[in-house]
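Novice: sequence-free structure coming up:
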């Protein structure tokens, strides 16, 4: 499990082909956009983009290998627990870009 805090429009990258970002945060929860490719299962490799609303404690499964749980909201920041296998690390977008020498 990886825990990452994000503000609106700050992405979390999971593996190479999946990202999620809050598009709205308030005291009741977040609206989250997820895009990329499903990882594992019968939809493996299928591209998608979807929006979801999560309250604190709720989870979103993105295929059988990745689950994102909203653990808390503190002011303008939302904290997420990302459950993914070791070969699919979850990192902040800016860390992913530095590691891969990719421009912002």
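Specialist: Right, received. Where do you want to start? Since the structure is predicted, the reported quantities are computational estimates derived from the model, not experimental observations.

Novice: wouldn't residue 23 be in contact with residue 33 here?
Specialist: Yes. Applying CB atoms under 8 Å, one finds residue 23 in contact with residue 33, separated by 5.3 Å. (C-beta placed from N, C-alpha, C; glycine too.)

Novice: neighbour count: those two, which is higher?
Specialist: Set side by side, residue 23 and residue 33 show more neighbours around residue 33, with 16 against 11, by other CB atoms under 10 Å.

Novice: isn't there a strand covering the more buried one?
Specialist: Yes. Assessed by DSSP: H, G, I helix; E, B strand; the rest coil, residue 33 belongs to a strand.

Novice: in contact with it, which residues?
Specialist: The contact partners of residue 33, taken as CB atoms under 8 Å, 6 or more residues apart in numbering, are 20, 21, 23, 49, 50, 51, 52.

Novice: quick check: beta-bridge partners of it?
Specialist: Listed by DSSP bridges, the beta-bridge partners for residue 33 are residue 21, residue 51.

Novice: common neighbours of residue 23 and residue 33, please.
Specialist: residue 51.

Novice: centroid-nearest residue for this protein?
Specialist: Nearest to the geometric centre of the chain sits residue 20, at 3.5 Å (CA atoms, centre = their mean).

Novice: how close does it sit to residue 74?
Specialist: 18 Å (CB to CB, to the nearest Å).

Novice: point out where the chain drops to low pLDDT.
Specialist: Across the chain, residues meeting the criterion (pLDDT under 70) sit at 102-104.
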